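Undergrad: A structural model of the following input is requested.
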Amino acid sequence: MNPATNVGKKELPPGIRNRFTEFFVDELTDKQDLLLLCSKYLNPLALPASLLDSVVRFYVNIRKEASKSLMDGIGDRPHYSLRTFCRALQVAAGNPCQAARRSLYEGLLLSFLTQLDGNSRPLVEKLLSRLVAVLQKIQKEFHIYPIFLKLSGLLGSGMERYVSAKIAAEINF
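TA: Below you'll find the predicted structure:
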């Protein structure tokens, strides 16, 4: 059971609480345990082990920064727990961007950056930029070839009705 430390939670009455066995489980802090957790969540994306290691390093580093120098929007220290990390991995595993590495980046951004104040954002962006550098080195994600967009008759007949959208054949990220 989660402790009643947040708003809206209450302790269970002793008569009900005594019917259960309580276990206290520490946060995972060992890198091997975090790597195992990360690989299980991100298994559908088939990411290389070096990238998973970088994600775990990012999580460990951001937790250190949160205890030292980061502030959230109301001036408190942000609390990054295993739940925060798992939510980021869960978003990434859903592959909302249809590109595994981009989805990973967006999931981490969503979970770790959105609650911070303006002064703390550059520190987290710096940590994320290191991760992005690793993302870019590993492999180029996808190819997009030139396409044509229909303009719904705005420019007359024939090929004038289409605009060539020259998109790079490879996007670094």
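
Undergrad: can you give me the strands for the protein?
TA: Using DSSP state E, the strands found in the chain span residues 142-143, 147-150, 162-165, 170-171.

Undergrad: mind giving me the domain split of this protein?
TA: Residue ranges for the domains of the chain, per automatic domain parsing: 28-139, 141-173.

Undergrad: Go through those domains and pick out the most buried.
TA: Sort these by mean neighbour count, taking mean count of other CB atoms under 10 Å, and domain 28-139 sits at the top with a mean of 16. Yep, even glycine has a C-beta here, placed from its N, CA and C like the rest.

Undergrad: Leaving out chain neighbours, which residue sits closest to the most centrally placed residue in the chain?
TA: By CA atoms, centre = their mean, the chain has its centre lying nearest to residue 108, at 1.9 Å. Distances taken as CB to CB, 6 or more residues apart in numbering place residue 88 nearest to residue 108, at 4.9 Å, with adjacent residues excluded.

Undergrad: Can you give me the distance of the one you found to residue 110?
TA: Separation of residue 88 from residue 110 (CB to CB, to the nearest Å): 7 Å.

Undergrad: cool, residue 45 as well?
TA: 16 Å.

Undergrad: ok so, going back, and residue 22, which of the domains of the chain is closest to it?
TA: When those are compared by CB to CB, domain 28-139 sits nearest residue 22, at 18.3 Å.

Undergrad: Distance to residue 10 added to the domains of the chain, as TSV?
TA: Shown next, in TSV, are the domains of the chain (distance: least, CB to CB, whole Å):
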stretch	distance to residue 10
domain 28-139	20
domain 141-173	46
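
Undergrad: ok, of those, where does mean pLDDT dip lowest?
TA: Least confidently modelled of the domains of the chain is domain 141-173, at a mean of 42 by mean pLDDT.

Undergrad: Run a quick check on the residue nearest to the centre of the chain versus residue 128, I expect a contact.
TA: Yes: Residue 108 lies in contact with residue 128 (CB atoms under 8 Å); the separation is 6.5 Å.

Undergrad: Just name whatever secondary elements the helix ranked longest in the chain is in contact with.
TA: If you go by DSSP state H, the chain has its longest helix at helix 49-68. The elements that helix 49-68 packs onto, with contact taken as 3 or more CB pairs under 8 Å, 6 or more residues apart in numbering; DSSP states H and E, are helix 31-41, helix 100-112, helix 121-138.

Undergrad: Just the CA trace of that helix, in PDB.
TA: C-alpha atoms of helix 49-68 as PDB (Å, rounded to 0.1, in the frame of the first residue of the first chain):
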ATOM      1  CA  ALA A  49      21.900  -2.300 -24.900                       C
ATOM      2  CA  SER A  50      24.100   0.700 -25.100                       C
ATOM      3  CA  LEU A  51      21.000   3.000 -25.500                       C
ATOM      4  CA  LEU A  52      19.300   1.300 -22.500                       C
ATOM      5  CA  ASP A  53      22.400   1.900 -20.500                       C
ATOM      6  CA  SER A  54      22.400   5.600 -21.400                       C
ATOM      7  CA  VAL A  55      18.700   5.800 -20.400                       C
ATOM      8  CA  VAL A  56      19.500   4.400 -17.000                       C
ATOM      9  CA  ARG A  57      22.500   6.800 -16.600                       C
ATOM     10  CA  PHE A  58      20.100   9.600 -17.400                       C
ATOM     11  CA  TYR A  59      17.700   8.500 -14.700                       C
ATOM     12  CA  VAL A  60      20.500   8.200 -12.100                       C
ATOM     13  CA  ASN A  61      21.900  11.600 -13.000                       C
ATOM     14  CA  ILE A  62      18.600  13.400 -13.000                       C
ATOM     15  CA  ARG A  63      17.800  12.000  -9.500                       C
ATOM     16  CA  LYS A  64      21.200  13.300  -8.300                       C
ATOM     17  CA  GLU A  65      20.400  16.700  -9.800                       C
ATOM     18  CA  ALA A  66      16.900  16.800  -8.300                       C
ATOM     19  CA  SER A  67      18.300  16.300  -4.800                       C
ATOM     20  CA  LYS A  68      20.900  19.100  -5.400                       C
END
